[in-house]
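> output the structure for:
(one chain, ligands or ions: 2)
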Amino acid sequence: MATNRTFTMIKPDAVEKNAIGGILKMINDAGFRIVAMKYTQLSKETAGEFYEVHKERPFYGELVDYMSSGPIVAAILEKDNAVEDFRTLIGATNPAEAAEGTIRKIYATDISANAVHGSDSDENAEIEGDFHFTPAEKH
Ligand code: UDP
Ligand code: MG
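Numbering: from 1, shown residues only. Ligands and ions are numbered 1, 2, ... in the order given. Below is the predicted model:
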């Protein structure tokens, strides 16, 4: 079922670069409504659990270390066709391959420290949003 919601994180590299404001402006300008949002830091354990689907991939350990290395912003976003439109807005995983004008093209450092997360399906958007927010926090 299409939920019209997606889940994002502004990752530690983008927070470190003072890019929170610029990224949130791009998100709002693209027509997404912020349903829930928090500034927080993931423990290694929480980051490991969030990225559990990538456990067998060679970059998993590095990804968990990186995602728990500093503060992040986690948010649930709402818009028609949210998951797909947000993936378009953020661009390819590797910023070297990301389209001009995308968030990753503008703000990402490299394929690992790539500025933002975006859910890849409606199902995962719901799972990931529920991982970070209680029902009462989702307005
Ligand atoms: N990642 C990495 N090396 C890679 C591929 C991915 O460090 O070769 C990291 C990167 O931070 C990416 C995350 O793992 O955003 C999840 O990977 P995925 O393939 O799901 O990319 P995404 O959906 O974030 O574009
Ligand atoms: Mg992914």
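
> can you give me the helices in this protein?
12-16, 20-29, 44-50, 60-67, 82-90, 103-107, 122-132 (DSSP state H).

> looking at those, which is closest to ligand 1?
helix 60-67 (4.7 Å; CB to the nearest ligand atom). Quick note: C-beta positions are derived from backbone N, CA and C, even for glycine.

> and the closest one, anywhere near ligand 1?
Yes. Helix 60-67 is in contact with ligand 1 by CB under 6 Å from any ligand atom, via Leu63.

> which outside residues touch that helix?
Outside helix 60-67, the residues within contact range by CB atoms under 8 Å, 6 or more residues apart in numbering are 9, 11-13, 42, 44, 47-48, 50-51, 54, 112-113.

> contact residues of the protein facing ligand 1?
His54, Phe59, Leu63, Thr93, Ile111, Ser112, Asn114, His117, Asp120.

> any chance of the helices of the chain in a markdown table, plus mean neighbour count and mean pLDDT?
A markdown table is the format used below for those (neighbours: other CB atoms under 10 Å; pLDDT from 0 to 100):
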| stretch | mean neighbour count | mean pLDDT |
| --- | --- | --- |
| helix 12-16 | 20 | 98 |
| helix 20-29 | 15 | 98 |
| helix 44-50 | 16 | 98 |
| helix 60-67 | 16 | 98 |
| helix 82-90 | 21 | 98 |
| helix 103-107 | 22 | 98 |
| helix 122-132 | 17 | 97 |
